[in-house]
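Chemist: Any chance you could fold what I've pasted below:
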Amino acid sequence: MTTTDTLSHVPFREVTDRNGRVYRLGESDRDIMRRPRWTMVLFPWIGMMGISSSEYAFTSAEETLHDAHLWASGHIFWLMGVWIFFQAAVAFPAGQLRESGRLPARSAMMLGALGTLLGYLSLAYAPHVIVAYFGFGMFSGIGAGLVYATCVNMVGKWYPERKGGKTGMVNGGFAYGSVPFVFLFTSYMDLSNYQGVLVSVGVVCCAAVAVAGWFFKDPPKNWWPGHV
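Modeler: Sure thing, here's the model as predicted:
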């Protein structure tokens, strides 16, 4: 079958193999988004680094948060637990919404950026730990889940023929992106500056996720690189 894509206006054809898998051939990455597809590894990688500090650097700020808000160690433990719960719980519904087309990639990333910022604002200014449970635990966790699911999904769509290395690199950003913030929270942040540091980190991470997400663009369903 040959027709015209309403987005790129480049003729394409769909080929079905003996196993029933459909391959959409004809459009290049530049036809679809006016840039090479390796940018859909770079921007998801940046987005993943933007959410990494919320999980991996959080415990580095535990002592300061304990002294600043008088939160018990159990409260801080459960803050992280609530964050992890929502980050993991949102992955499946986010994936379903993404595949159905009801949640565009850019929208998911913008929601994730907002959740990241709200999380840090709540850690800085929460008048009670309950506010932090909602702001950091729930909203930041949901935001991180949206970003994680969207970034991994995006790489898989643009590299359907070799997902392993590319998704591995992007997944790695979720860990090593937190390294600078671990040093910041342990070596610099204290009671005299914790609010400014947390807000600044929130703004930086929010901007990283939002800017990366602005450039997200899904390929057409079943798209396959023509040179493979």
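Chemist: Now do the buried residues in the helix or strand hosting residue 184.
Modeler: Per DSSP states H and E, residue 184 falls inside helix 179-187. Neighbour counts over helix 179-187 (16 or more other Cβ atoms under 10 Å) mark 181-182, 184-185 as buried. C-beta coordinates here come from the backbone N, C-alpha and C atoms, glycine included.
Chemist: now those residues in a markdown table, with distance to residue 37 and pLDDT?
Modeler: Output for these, formatted as a markdown table (distance: Cβ to Cβ, whole Å; pLDDT from 0 to 100):
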| residue | distance to residue 37 | pLDDT |
| --- | --- | --- |
| 181 | 30 | 93 |
| 182 | 32 | 91 |
| 184 | 34 | 93 |
| 185 | 36 | 93 |
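Chemist: those strands in this protein, which residues are they?
Modeler: The residue ranges that make up the strands of the chain, judged by DSSP state E, are 2-4, 11-16, 22-25.
Chemist: so where's the chain uncertain?
Modeler: 1-8 (pLDDT under 70).
Chemist: Go again with 50.
Modeler: For the chain, residues meeting the criterion pLDDT under 50 lie at 1-6.
Chemist: Helices along the protein, start to end?
Modeler: All helices of the chain, identified by DSSP state H, fall at 29-33, 39-56, 62-69, 73-89, 91-100, 105-125, 129-132, 141-158, 163-176, 179-187, 194-214.
Chemist: quick one, which of those is packed in tightest?
Modeler: Most buried of the helices of the chain by mean neighbour count (mean count of other Cβ atoms under 10 Å) is helix 141-158; its value is a mean of 26.
Chemist: now the angle between helix 73-89 and it, please.
Modeler: Computed with axes from the mean of the first three to the mean of the last three Cα atoms, to 10 degrees, the direction of helix 141-158 lies at 30 degrees from that of helix 73-89.
Chemist: Just the CA atoms of helix 141-158, as PDB, please.
Modeler: Backbone C-alpha positions of helix 141-158 (Å, rounded to 0.1, in the frame of the first residue of the first chain) are rendered in PDB as follows:
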ATOM      1  CA  GLY A 141       7.000  10.600  41.700                       C
ATOM      2  CA  ILE A 142       4.300  10.800  39.000                       C
ATOM      3  CA  GLY A 143       6.300  13.300  37.100                       C
ATOM      4  CA  ALA A 144       9.400  11.100  37.200                       C
ATOM      5  CA  GLY A 145       7.300   8.100  36.100                       C
ATOM      6  CA  LEU A 146       5.900  10.000  33.100                       C
ATOM      7  CA  VAL A 147       9.400  11.200  32.000                       C
ATOM      8  CA  TYR A 148      10.900   7.700  32.500                       C
ATOM      9  CA  ALA A 149       8.200   5.900  30.500                       C
ATOM     10  CA  THR A 150       8.300   8.600  27.700                       C
ATOM     11  CA  CYS A 151      12.000   8.700  27.300                       C
ATOM     12  CA  VAL A 152      12.500   4.900  27.100                       C
ATOM     13  CA  ASN A 153       9.500   4.600  24.800                       C
ATOM     14  CA  MET A 154      10.800   7.400  22.500                       C
ATOM     15  CA  VAL A 155      14.100   5.700  22.000                       C
ATOM     16  CA  GLY A 156      12.500   2.400  21.200                       C
ATOM     17  CA  LYS A 157      10.300   4.000  18.500                       C
ATOM     18  CA  TRP A 158      13.100   5.700  16.700                       C
END
